[in-house]
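Participant: turn this into a model:
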Amino acid sequence: MISVLKDRFAEPLRVRQLAEDVNMSESALYHSFKQVTYMSPLQFQKKLRLHEARLLMLRGA
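Facilitator: Residues are numbered from 1 along each chain as shown. You can find the predicted model right below:
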């Protein structure tokens, strides 16, 4: 689940599709994801995007 978000962090997050991909309901996905990461899938995606932006800035890209 986390690896899918890392691979697709630049794409729009579709929780319904992510839940289907990992064979879970949306509510189960949110609950499980929050237990592992202490944040929602959307918050995690934002964190990944900010991290990537920071790396691009440091590289001067």
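Participant: where is the longest helix in this structure?
Facilitator: helix 41-59 (DSSP state H).
Participant: residues in contact with residue 45?
Facilitator: Neighbouring residues of residue 45 by Cβ atoms under 8 Å, 6 or more residues apart in numbering: 5, 9, 13. Glycine gets a C-beta too; all of them are placed from N, C-alpha and C.
Participant: burial count for the closest residue to it other than its chain neighbours?
Facilitator: The shortest distance from residue 45 to any non-neighbouring residue, by Cβ to Cβ, 6 or more residues apart in numbering, is to residue 13 (5.0 Å). Neighbourhood size, residue 13 [other Cβ atoms under 10 Å]: 15.
Participant: ok, residue 13 touching residue 40?
Facilitator: No: counting by Cβ atoms under 8 Å, residue 13 stays clear of residue 40, with 9.8 Å between them.
Participant: mind listing what's buried along stretch 11-25?
Facilitator: 18-19, 24 (16 or more other Cβ atoms under 10 Å).
Participant: dump it to CSV, restricted to CA.
Facilitator: Only the C-alpha atoms of stretch 11-25 are listed here, as CSV (Å, rounded to 0.1, in the frame of the first residue of the first chain):
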residue,chain,number,x,y,z
GLU,A,11,-0.6,11.1,-9.6
PRO,A,12,-3.9,12.2,-8.1
LEU,A,13,-4.8,10.1,-5.1
ARG,A,14,-7.9,8.0,-5.6
VAL,A,15,-8.6,6.2,-2.3
ARG,A,16,-11.3,4.1,-3.8
GLN,A,17,-8.9,2.7,-6.5
LEU,A,18,-6.1,2.3,-3.9
ALA,A,19,-8.5,0.3,-1.7
GLU,A,20,-9.5,-1.9,-4.6
ASP,A,21,-5.8,-2.5,-5.5
VAL,A,22,-5.1,-3.8,-2.0
ASN,A,23,-8.5,-5.6,-1.7
MET,A,24,-9.8,-3.6,1.2
SER,A,25,-12.7,-1.3,1.9
